[in-house]
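S.K.: pasting the structure only:
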């Protein structure tokens, strides 16, 4: 009786293995021609330097200094980005970004051409930004705000980089966001004029 049961169990297992093999064989073959595309991934490094003597005391900026701003945009993806506009603003990050007093400075938008994969482009903004006294730095919550690089393509905006400002006797460039952001690629969109939503440049 035990031998009969063993043979029965063995037959069931063998049959199940055969059915599983047939099912796997019936699955469609993997399509090796498909390749996931990373897309156009932009990352922007924001840099501030004094309008006067920009090469002196690099990394240390006195309170009350007027600074000029640059943005270096790199395409870390595998397809060209679509052309658009880029501007910088100094504002609260999420979740405070919707506060009516969030943005206290914003540059005029500059044209951003299509950037091929692996290439970089540096944008120099015409607007200058005056960094405050220590009293105004505290009063206007500068420590809670950051520069944001905003890329506008057609009707969408992407924050492609941030830069905080810290203070310790001098102002220093603080933490920056290094994570690339997926934006529209040149193959899927055409540049169209962007309606201006810019606020007043400075409220200080």
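M.R.: Right, received. Where do you want to start? This is a predicted model, so every value here is computed, not measured.
S.K.: For the longest strand seen in the chain, give the mean pLDDT please.
M.R.: With DSSP state E setting the assignment, residue counts place strand 156-168 as the longest strand in the chain. For strand 156-168, the mean per-residue pLDDT is 91.
S.K.: contact partners of that strand?
M.R.: Strand 156-168 has contacts (Cβ atoms under 8 Å, 6 or more residues apart in numbering) with 42-48, 63, 71, 73, 93, 131, 134, 137, 142-143, 145-152, 171-178, 180-181, 183-184. (Glycine included, C-beta is placed from N, CA and C.)
S.K.: and those, which of them are in helices?
M.R.: Counting by DSSP state H, those place 134, 137 in helices.
S.K.: any weak-confidence spans in this protein?
M.R.: Where the chain drops to pLDDT under 70, the residues are 1-37, 54-59, 169-175, 177-178, 187-204.
S.K.: about what we covered before: buried sites along the longest strand of the chain?
M.R.: Judged by neighbour count (16 or more other Cβ atoms under 10 Å), strand 156-168 contains these buried residues: 157, 158, 159, 160, 161, 162, 163, 164, 165, 167.
S.K.: next one: stretch 86-100
M.R.: Within stretch 86-100, the residues scored as buried using 16+ other Cβ under 10 Å are 86, 87, 88, 89, 90, 91, 92.
S.K.: Also stretch 136-150?
M.R.: For stretch 136-150, burial by neighbour count (16+ other Cβ under 10 Å) applies to 137, 140, 142, 145, 146, 147, 148, 149, 150.
S.K.: Dump the residues you listed to JSON lines, plus distance to residue 111.
M.R.: Formatted as JSON lines, the buried residues of stretch 136-150 follow (distance: Cβ to Cβ, whole Å):
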{"residue": "137", "distance to residue 111": "33"}
{"residue": "140", "distance to residue 111": "31"}
{"residue": "142", "distance to residue 111": "29"}
{"residue": "145", "distance to residue 111": "26"}
{"residue": "146", "distance to residue 111": "24"}
{"residue": "147", "distance to residue 111": "20"}
{"residue": "148", "distance to residue 111": "19"}
{"residue": "149", "distance to residue 111": "14"}
{"residue": "150", "distance to residue 111": "14"}
